[in-house]
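Trainee: The amino acid sequence is not available; the structure is as follows:
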């Protein structure tokens, strides 16, 4: 029974990504790729599938789309329909059924069952084995779950701080707009005062009598008495 509790390494993730992309590109299934990686890393296919969908796939989304495109081109070149049955590139080794029977059934109980002619359902034992292995593999993912929770908490905190900063900036903008309006009003008032003063000066110049001059015999100008 596969039972791994150690964390995934970068080499494990790279092997998982390369295997999945190869299977997709060559017309196989991702489940088949999970089986192959699981046998190489002594992990369950369910654990490999969970790791791929939860962590690794996000970094290889473009490569996965390219692999799917290459698969379509490959099938088109071979004259196959896109709905054709996918071929499996890897066949996981099947251990003898006796191995599962020995792991799940104690010898003292297995012997009477054989004597009474009761047959053990090997397919049920195999399914139960996979379920138990999958449940145990979930424990190895708790580290990744904690990392995701911490990252989510940090993002929420950062988002809250950004909202506070945004509110402060909006308040400053409102104050600047208010000050700008006040300055504009003061400027308009000042211009009105200056225009009014200019009109008064012009009126005084118009009301002031003009000085008259006359020329004497010698050609000099002299001011006439008012």
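Mentor: Yes, it's here. Remember, predicted model here, so these are calculated numbers, not experimental data. Numbers count the residues shown, from 1 in each chain.

Trainee: C-alpha only now, for contacts and for neighbours.
Mentor: Noted.

Trainee: per-residue pLDDT, residue 43?
Mentor: If you check residue 43, the pLDDT there is 93.

Trainee: Checking it next. Helix, strand or coil?
Mentor: At residue 43 the chain is in coil, as set by DSSP: H, G, I helix; E, B strand; the rest coil.

Trainee: So it versus residue 169, what's the distance?
Mentor: Separation of residue 43 from residue 169 (CA to CA, to the nearest Å) stands at 53 Å.

Trainee: Can you give me the end-to-end span of stretch 34-49?
Mentor: In stretch 34-49, first residue to last residue: 6 Å (CA to CA).

Trainee: Please identify the buried residues of it?
Mentor: For stretch 34-49, burial by neighbour count (16 or more other CA atoms under 10 Å) applies to 34, 35, 36, 37, 38, 43, 44, 45, 46, 47, 48, 49.

Trainee: okay, those in JSON lines with distance to residue 69 and secondary structure next?
Mentor: Below are the buried residues of stretch 34-49 laid out as JSON lines (distance: CA to CA, whole Å; DSSP: H, G, I helix; E, B strand; the rest coil):
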{"residue": "34", "distance to residue 69": "21", "secondary structure": "helix"}
{"residue": "35", "distance to residue 69": "23", "secondary structure": "helix"}
{"residue": "36", "distance to residue 69": "23", "secondary structure": "helix"}
{"residue": "37", "distance to residue 69": "23", "secondary structure": "helix"}
{"residue": "38", "distance to residue 69": "26", "secondary structure": "helix"}
{"residue": "43", "distance to residue 69": "29", "secondary structure": "coil"}
{"residue": "44", "distance to residue 69": "29", "secondary structure": "coil"}
{"residue": "45", "distance to residue 69": "25", "secondary structure": "helix"}
{"residue": "46", "distance to residue 69": "26", "secondary structure": "helix"}
{"residue": "47", "distance to residue 69": "27", "secondary structure": "helix"}
{"residue": "48", "distance to residue 69": "24", "secondary structure": "helix"}
{"residue": "49", "distance to residue 69": "22", "secondary structure": "helix"}
